[in-house]
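# Let me see the structure of the following:
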Amino acid sequence: MQAASSARPAVRAAGRRARLPLFSWLMVAPVVLVTLLLNVYPLVLGMSMSLYQFDLMLAQKPFIGLENYANLLYDARFWKTVQNTVAFAVLGVPGGIVLGLAVALLLNERFALRGFLRSCVLIPWVVPPSVAASIWLWMYSTTFSPISDLLIRLGVVAKPISFVGDLTTWGPFSMPMLSVFVVRLWEGFPFAAVMFLAGLQAIPPSLYEAAAIDGATGWQRFRHITLPMLQPVFQLIVTLNAIGSISSFNVNYIMTKGGPQDLTNVVGVYLYTTSFEVYKLGYGSAIAGALLLVTGTLAALYIARTLRTIEGARA
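Below is the predicted model:
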C-alpha cells in the first residue's frame, strides 16, 4: 500500500513531462505558422519561379531549369552590381564596427547627459529609411547643399560638389558610392553601438580594477580585457553587418536607384528593378537565389561557430 502511494507522485510527474512537449509545440505553433506563411512559402515560391522563364510580358512561362542562373554568369551588369555590393561591404562592415565601438566606449563612461546622448544615438536607427534618404538628398543637393556651402565658406572647395552626380571613379569607388555609403553608415552604426554597449556593461568591473592595481594602462586594459570579452559581440555584428551590407536595398534605391551609370547599383536594387520594373520575375528570382546563397552561407558559418563555442564551453 505504501509502495503504491509513493509511486503516484512519480507517475504524475512522468505524465506532466509527457505532456510538456505537446504544450511547448502548442505555444510555438502560431509563430511557426506565421513564419511558414510569410517567410518559407514566399522563399519556396521565389526559388521555383527562378526555374521558369517567368516574364510578365510573355504569355507562356516555360520551364527552363537552371538557365536563369547560367545567364547570371554572363550578365556584365549583374557582376557590376556584385562589385559594388562587395565595395559597400568592405567599407561598411569595418566602418560600422569602428564607429559603433567608439560610440559605445564613449557612452559607457559616466558623464552628464549620458542618458540623453544614448537616446540620441538611436535616432538614425528609428528614422524611416525613406525619410532619412530624402533628408540626405537635400543635404547632397548641388544647389542647396549645406555641406557644399560650408566647404566653400571654409575655402576647401571652389564650387558646389555633385555628391550623387559626379562620375569620377577611383577604382571601384566613386563620389556617389561614398555619398550613399555615408548615409548607410549613419543609418546602421546605432545597432553596433547598442550591441557593443550591452557587451561593455556585461564585463565585470573587478577585471579593470585588478588590472589598474597591477599598473595596466588604458590601452592595455582595452586590448587584454575589453576586446577579448567583446569577441562574441564582434562575431555577431560582423555577421549581421555583412549580411545587411550584401542585401541592402532601401537607401541605394531611394537615393539613386542604382545610378548614375550603375555606380551605386547593388544586387538588391538590380533584383528589384529586374523583377518589378522590367517584369522578368524568373530572372529576378535567380538573382535572389544567388543573394540567398551568399547570405545563407554567412549565417550558417556563424551558427556553426556559435554551436562549436557552446559545445566547447560545456566540455
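# Is residue 261 in contact with residue 166, as I believe?
No - if you go by CB atoms under 8 Å, residue 261 and residue 166 don't touch, sitting 11.0 Å apart. For every residue, glycine as well, the C-beta is placed using N, CA and C.
# With neighbour numbers in mind, choose between these two.
For residue 261 versus residue 166, neighbours defined as other CB atoms under 10 Å are more numerous around residue 166 (16 against 12).
# helix/strand/coil for that one?
coil (DSSP: H, G, I helix; E, B strand; the rest coil).
# surely it meets residue 173?
No - Residue 166 is beyond contact range of residue 173, at 11.6 Å (criterion: CB under 8 Å).
# Walking through this protein, point out its strands one by one.
All strands of the chain, identified by DSSP state E, fall at 169-170, 173-174.
# Which one of those strands lies nearest to residue 197?
Residue 197 lies closest, by CB to CB, to one member of the strands of the chain: strand 173-174, at 30.8 Å.
# Given that closest one, what are its sheet partners and their directions?
Using DSSP bridges, the strands paired with strand 173-174 are strand 169-170 (antiparallel).
# neighbouring contacts of the partner strand?
residue 263 (CB atoms under 8 Å, 6 or more residues apart in numbering).
# Distance from the chain centre to that strand, please.
The chain centroid and the centroid of strand 169-170 are separated by 26 Å under CA atoms, centre = their mean, to the nearest Å.
# Use 456 as the first number from now on
Let's use 456 as the start, then, which means that last one is strand 624-625.
# Residue 620: how many residues sit nearby?
If we define neighbours as other CB under 10 Å, then residue 620 has 15 of them.
# Please name the nearest non-neighbouring residue to it.
Closest residue to residue 620 apart from its sequence neighbours, by CB to CB, 6 or more residues apart in numbering: residue 715 at 6.0 Å.
# got the contact list for that neighbour?
So residue 715 contacts 619, 620, 622, 631 (CB under 8 Å, 6+ apart).
# Could you work out the most separated pair of those residues?
The most widely separated members of the contacts of residue 715 are 619 and 622, with 10.7 Å between them, by CB to CB.
# These two - which one has more neighbours?
When neighbours are counted by other CB under 10 Å, residue 619 comes out ahead of the other of residue 619 and residue 622, with 22 against 11.
# My understanding was that the more buried one contacts residue 635; is that so?
Yes - counting by CB under 8 Å, residue 635 is a contact partner of residue 619 at 7.3 Å.
# Residues that sit against both of those two, list them.
Joint contacts of residue 619 and residue 635 (CB under 8 Å, 6+ apart) are 710, 711, 719.
# show me what contacts the closest residue to residue 582 other than its chain neighbours?
Computed as CB to CB, 6+ apart, the closest residue to residue 582 that is not its neighbour in sequence is residue 642, at 7.7 Å. By CB under 8 Å, 6+ apart, the residues touching residue 642 are 579, 580, 582, 584, 587, 706.
# Neighbours of the third one, how many?
Residue 582 has 14 neighbouring residues, counting by other CB under 10 Å.
# How confident was the prediction at it?
In this prediction, residue 582 carries a pLDDT score of 89.
# Please report the distance of it from residue 613.
Distance, residue 582 to residue 613, by CB to CB, to the nearest Å: 33 Å.
# Please apply the same query to the last one.
Distance of residue 706 to residue 613, computed by CB to CB: 29 Å.
# Looking at the two, which one has more neighbours?
Using other CB under 10 Å as the criterion, residue 706 and residue 613 rank with residue 706 on top: 24 against 7.
# and that one, what is it in contact with?
With CB under 8 Å, 6+ apart, residue 706 has these contacts: 584, 587, 588, 635, 638, 639, 642.
# so which of those residues is the most crowded?
Highest neighbour count within the contacts of residue 706: residue 635, with 28 neighbours (other CB under 10 Å).
# Now for the contacts of residue 642: which two are most distant?
580 and 706 (13.3 Å).
# Do you know the pLDDT at residue 760?
Confidence at residue 760, expressed as pLDDT, is 85.
# Show me where the protein dips below the pLDDT cut-off.
Along the chain, the parts satisfying pLDDT under 70 run over 456-475, 770.
# what's around residue 714, how many residues?
Residue 714 has 15 nearby residues by other CB under 10 Å.
# I figured it hits residue 721, correct?
No - using CB under 8 Å, residue 714 makes no contact with residue 721, being 11.9 Å away.
# roughly how far apart are the residue nearest the centre of the chain and residue 693?
Nearest to the geometric centre of the chain sits residue 699, at 2.3 Å (CA atoms, centre = their mean). Look at residue 699 and residue 693: by CB to CB, they are 11 Å apart.
# And for residue 480?
Distance, residue 480 to residue 693, using CB to CB: 34 Å.
# And the two? Which one has more around it.
Neighbour totals were compared for residue 480 and residue 693, and residue 693 leads with 17 against 10 (other CB under 10 Å).
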